[in-house]
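Asks: The following comprises the amino acid sequence and a computationally predicted model.
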Amino acid sequence: MLDSALRENPGSSLDDLAAAAPRLRGVGTAVPATTYTQQEVLDAFGISDPRVRSVFLNSAIERRGLVLPPLKPTGERAVETQGELLGKHLGSGLAMGREAIEGCLRSAGADLADVGYLCCVTSTGFLTPGFSALFIKELGLDRHCSRLDVVGMGCNAGLNALTAVAGWARAHPGELALMVCVEACSAAYVFDGTMRSSVVNSLFGDGAAAVAVRQDGDGGQEAEPETAAGKGPALLRFSSRIIPEAVGAMRYDWDEDHGKFSFYLDPEVPYVVGAHAEAAVGRLLNGTGVRRSDVAHWIIHSGGKKVVDSVRANLGLSRADVRHTTGVLRDHGNLSSGSFLFSYERLAAEGRVAPGELGVLMTMGPGSTIETALVRW
């Protein structure tokens, strides 16, 4: 977006570019009704291994929304089959997604009838038809609503999908596009007591997040005047950086021993992501005239304590810069693709953003990939 605008109008100001860009119009989030502290999860599965307990209790996570396996008559948690996990992905995903969508539309001052495009993002299960068709049926969206499902891209997928959503909004001025990230992470768990599984099980929480996007339909002026901050930030530019040499560092693949899919995180992931963070942001800002010090707000994926610390150190950010990232991690764990929208919701609720301020959105995930976006209020 910004790249082409800069080429076509080299004298354009960021004001001009922001006026012609789609904006985030509303946001909504949801988590399961059942939440657990890390200690409660350890107790639920009778975990006594000191190494595993240390991973859970030193994660900077206090509580997560989870749908744990049902209790057996013996009081132990049942071992869920892959089919049962898929059912959890579907049932919990639909419930959380619906709540997030409805909250998002209230935030945007819009109705279900206003939605012209629906993009659904998930990595915690595979469904055909996907969540987009299911939400259109369940919520009663217009049957001519355009849709897209982004499946299996992992924690970075929210910004990947937002690129497509922003492109649709730009091509359909005045119409509302909706993206919803649905991640029932407890539907992707294997409980076997190994350190590989324990690292994953200590980190991810269930959640859904939706965001509404619209580009003004009349040259940037809306029927009802709003401040730039009230309208939400303009999506100026997106940039991607993939690290092919770390393609296997984060993966969700079939585990023959358990007969189900299992997620894997390489211990070096935080350092790989951190080492590439500066180059990823540098490419995003290249040619814009924006310096890193000009960025007032940083909305970074809550990937885990070590990931956040590594990114913060490599970008020279303060603890205040990542306060919402660490707050979401503390209260919900890693929510996969929707994590950054939970942080954005908190930033918007603060009411401290001023018109003209710049922000960077950053997500990280399998590939290994760093996705970034430049926004302006």
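Replies: Now that the structure is in, tell me what you want to look at.

Asks: For the residue nearest to residue 59 when sequence neighbours are not counted, grab phi and psi.
Replies: Distances taken as Cβ to Cβ, 6 or more residues apart in numbering put residue 202 closest to residue 59, at 5.3 Å, once the chain neighbours are dropped. Bear in mind the C-beta positions are built from the backbone N, C-alpha and C, glycine included. Backbone geometry at residue 202, expressed as degrees, to the nearest 10, gives phi -80, psi -10.

Asks: Residue 202: neighbouring residues, count only.
Replies: 24 (other Cβ atoms under 10 Å).

Asks: isn't it right up against residue 60?
Replies: No - in this structure, residue 202 is not within contact of residue 60 by Cβ atoms under 8 Å, at 10.6 Å.

Asks: State the helix or strand in which the residue lying closest to residue 153 once chain neighbours are set aside lies.
Replies: Leaving out its chain neighbours, the residue that sits closest to residue 153 by Cβ to Cβ, 6+ apart is residue 160, at 5.7 Å. Residue 160 is part of helix 157-171, with elements assigned from DSSP states H and E.

Asks: Provide the strand pairings for the helix or strand that comes right after that helix, with the direction of each partner.
Replies: The helix or strand immediately downstream of helix 157-171 is strand 176-183, counting by DSSP H and E. When pairs are called by DSSP bridges, strand 176-183 turns out to pair with strand 115-122 (parallel), strand 207-214 (antiparallel).

Asks: how far does the last one sit from the chain's center?
Replies: Pointing back at strand 207-214 there. Offset of strand 207-214 from its chain centre (Cα atoms, centre = their mean, to the nearest Å): 9 Å.

Asks: can you tell me how far the most centrally placed residue in the chain sits from residue 141?
Replies: Centroid-nearest residue in the chain: residue 338, 2.3 Å away (criterion: Cα atoms, centre = their mean). Using Cβ to Cβ, to the nearest Å, residue 338 is found at 20 Å from residue 141.

Asks: for the residue nearest to the centre of the chain, what are its contacts?
Replies: Contact analysis of residue 338 by Cβ atoms under 8 Å, 6 or more residues apart in numbering lists 29, 100, 121, 158, 181, 182, 183, 207, 208, 209.

Asks: Helices of the stretch 151-300 of the chain, start to end?
Replies: Under the criterion DSSP state H, counting those that start in this stretch, the stretch 151-300 of the chain contains helices at 157-171, 195-201, 228-231, 269-285.

Asks: The ones you listed: lowest mean pLDDT?
Replies: Here the lowest mean pLDDT among the helices of the stretch 151-300 of the chain goes to helix 228-231, at a mean of 52.

Asks: returning to that earlier point: what about the residue nearest to residue 153, neighbour count?
Replies: 20.

Asks: Let me know which of the strands paired with strand 176-183 is tucked in deepest.
Replies: Neighbour counts (mean count of other Cβ atoms under 10 Å) averaged over each of these peak at strand 207-214, with a mean of 30.
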